[in-house]
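Asker: What would the 3D arrangement of this be:
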Amino acid sequence: MAANTDRRSLLNAGAVLAGAAAVAAPAQAKDAPASNWSPTLDALDDWMDKPGTRHRVIYDTTGASAARKGAHFANNFYVANKSAYGIPESELAVILVLRAESTPFGYGDTVWKRYGKTFAKLMKYDPKQTNEAERGNPLLSGGDNEMAPSLALLAAKGARFAVCGMATHGISGMLAKQAGEDAAEVEAFIKANLVPGAVVVAAGVVGVSRAQERGYTFTYVAD
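Answerer: Predicted coordinates for the structure are as follows:
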């Protein structure tokens, strides 16, 4: 009997200690210094801060298929806000990130006409798509197609495109090596011929981070 009593006493003591710990934890947290951290906004990213916007969203893409989906989702964001809430395009901030294998979609037709065959290989295009790529950026134009929106259509609605600078630097070196050209000149040529609304950011992942610090909702688009 005494053994059972001692066992119950130990169990009760354990419960009391557990309860005490549970009570003590908030008290310790309360005493901990509060964090007043907030991001430092860099002037280099001020283009993201579109005045007068009610809602902001950023779509992150890393592949050819994801970029097309991202363009579609971005357009849906415009359409749904206008039809359901009556919010005009001018009061929405939308950024489509083009990084890794989707980076070349940020380059204009002039660049694609020169290097489209290489871009098609990078994006794993089939032969028919390769022929299209050599005529220009296949995602840039296409008319006013709400089901398969072009970057030109999105740009007309106010969307911006964050083009990965690190990927662009690497792609420029690859193109220069293949064509026997100067890498710095190739990179300068690309940056001078981006799609409308595009901005070269230090890196795509940096752009994703900076946009969230400026109130953008993050959406990753799978390939």
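Asker: what about the residue nearest the centre of the chain, which SS state?
Answerer: The residue lying closest to the centre of the chain (C-alpha atoms, centre = their mean) is Asp60, at 2.6 Å. Secondary structure, DSSP: H, G, I helix; E, B strand; the rest coil: Asp60 is strand.
Asker: so which helix or strand takes in Thr110?
Answerer: Using DSSP states H and E, Thr110 sits within helix 109-122.
Asker: could you say what helices and strands that helix packs with?
Answerer: The helices and strands touching helix 109-122, judged by 3 or more C-beta pairs under 8 Å, 6 or more residues apart in numbering; DSSP states H and E, are helix 127-133, helix 165-179. C-betas here are computed from N, CA, C, even on glycine.
Asker: right, so those: which one is the most enclosed?
Answerer: helix 165-179 (a mean of 17; mean count of other C-beta atoms under 10 Å).
Asker: for it, what is the average pLDDT?
Answerer: The pLDDT scores in helix 165-179 average 97.
Asker: same thing with stretch 107-124?
Answerer: For stretch 107-124, mean pLDDT is 94.
Asker: gap between stretch 58-75 and the chain center?
Answerer: Remark: stretch 58-75 is offset 9 Å from the chain centroid, using C-alpha atoms, centre = their mean, to the nearest Å.
Asker: Same check on stretch 91-104?
Answerer: Here stretch 91-104 shows a centroid-to-chain-centroid distance of 6 Å under the convention C-alpha atoms, centre = their mean.
Asker: Quick one: end-to-end distance for that stretch.
Answerer: 28 Å (C-alpha to C-alpha, to the nearest Å).
Asker: distance of the residue nearest to Gln129 when sequence neighbours are not counted from Val205?
Answerer: Closest residue to Gln129 apart from its sequence neighbours, by C-beta to C-beta, 6 or more residues apart in numbering: Ala120 at 6.1 Å. Noted for Ala120: a distance of 25 Å to Val205, by C-beta to C-beta, to the nearest Å.
Asker: Please consider this matter closed, and thank you.
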